[in-house]
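give me a 3D structure for the following:
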Amino acid sequence: MALLFDEDYRILEESGLEYEEDEAQRFLLIKNFPLTPGFYIHSGVTLELVEVLWIVPSDYNTSGGDMFWVHPALSRTDGKAIPNVFGFGGVDARQFKGKEYCRWSRHWDIATWKSKVDNIQKVLGRIEWALKYPDAKR
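Residues are numbered from 1 along each chain as shown. Have a look, this model is predicted:
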């Protein structure tokens with residue numbers, strides 16, 4: 001059984017993002033999610049892409065979910081801490097195919113999700129926004 005709707009898969013295909021699913025764990029893994037150039041590092045290396053793991057809620061399309069996980073763990077190049085982010089071995093880290101994914105908790109305002117209207121594009125937009133503005137609350 002597919003985790004998403006046909007429209008969502010079309011959006012993913014057209015986006016150029018590489019993805020895979022694990023239906024048993026309800027994982028959607030985006031393998032090449034773009035980062036703001038020069039903003040994040042891992043182990044001293046500036047990153048342009050990150051893997052994003054999103055757990056597709058069982059009630060997907062009536063709620064958009066409020067967390068995602070990344071690999072590798074990200075640090076800001078300016079040294080500022082990232083709020084509500086947990087590193088390797090941290091709170092609610094997830095394992096997938098031998099990699100550990102670190103949680104980004106954002107708790108979106110439920111009113112910003114239009115039930116049965118919004119789709120994976122809104123989810124991707126939320127993740128993009130969170131990575132671009134890690135200090136902001138929404």
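
please enumerate the strands of the chain.
Ranges of strands in the chain, per DSSP state E, are 19-22, 27-34, 40-42, 45-47, 49-55, 67-71, 75-76, 94-96, 99-105.

as CSV, these with distance to residue 117 and mean pLDDT would be great.
Heads up, the C-betas are built off the backbone N, CA and C, glycines and all. Formatted as CSV, the strands of the chain follow (distance: least, Cβ to Cβ, whole Å; pLDDT from 0 to 100):
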stretch, distance to residue 117, mean pLDDT
strand 19-22, 22, 97
strand 27-34, 19, 98
strand 40-42, 32, 96
strand 45-47, 33, 97
strand 49-55, 19, 97
strand 67-71, 21, 95
strand 75-76, 34, 96
strand 94-96, 28, 95
strand 99-105, 24, 94
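
of all the ones you listed, which one comes closest to residue 11?
strand 19-22 (10.7 Å; Cβ to Cβ).

would you mind giving the strands of the chain as JSON lines with mean neighbour count added?
Below are the strands of the chain laid out as JSON lines (neighbours: other Cβ atoms under 10 Å):
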{"stretch": "strand 19-22", "mean neighbour count": "15"}
{"stretch": "strand 27-34", "mean neighbour count": "18"}
{"stretch": "strand 40-42", "mean neighbour count": "18"}
{"stretch": "strand 45-47", "mean neighbour count": "13"}
{"stretch": "strand 49-55", "mean neighbour count": "20"}
{"stretch": "strand 67-71", "mean neighbour count": "22"}
{"stretch": "strand 75-76", "mean neighbour count": "16"}
{"stretch": "strand 94-96", "mean neighbour count": "15"}
{"stretch": "strand 99-105", "mean neighbour count": "19"}
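
of all these, which one comes closest to residue 134?
strand 75-76 (7.2 Å).

show residues contacting the closest one.
39, 40, 41, 42, 82, 134 (Cβ atoms under 8 Å, 6 or more residues apart in numbering).

what about the last one, how many residues close to it?
Looking back up the chat, that one is residue 134. Neighbourhood size, residue 134 [other Cβ atoms under 10 Å]: 20.
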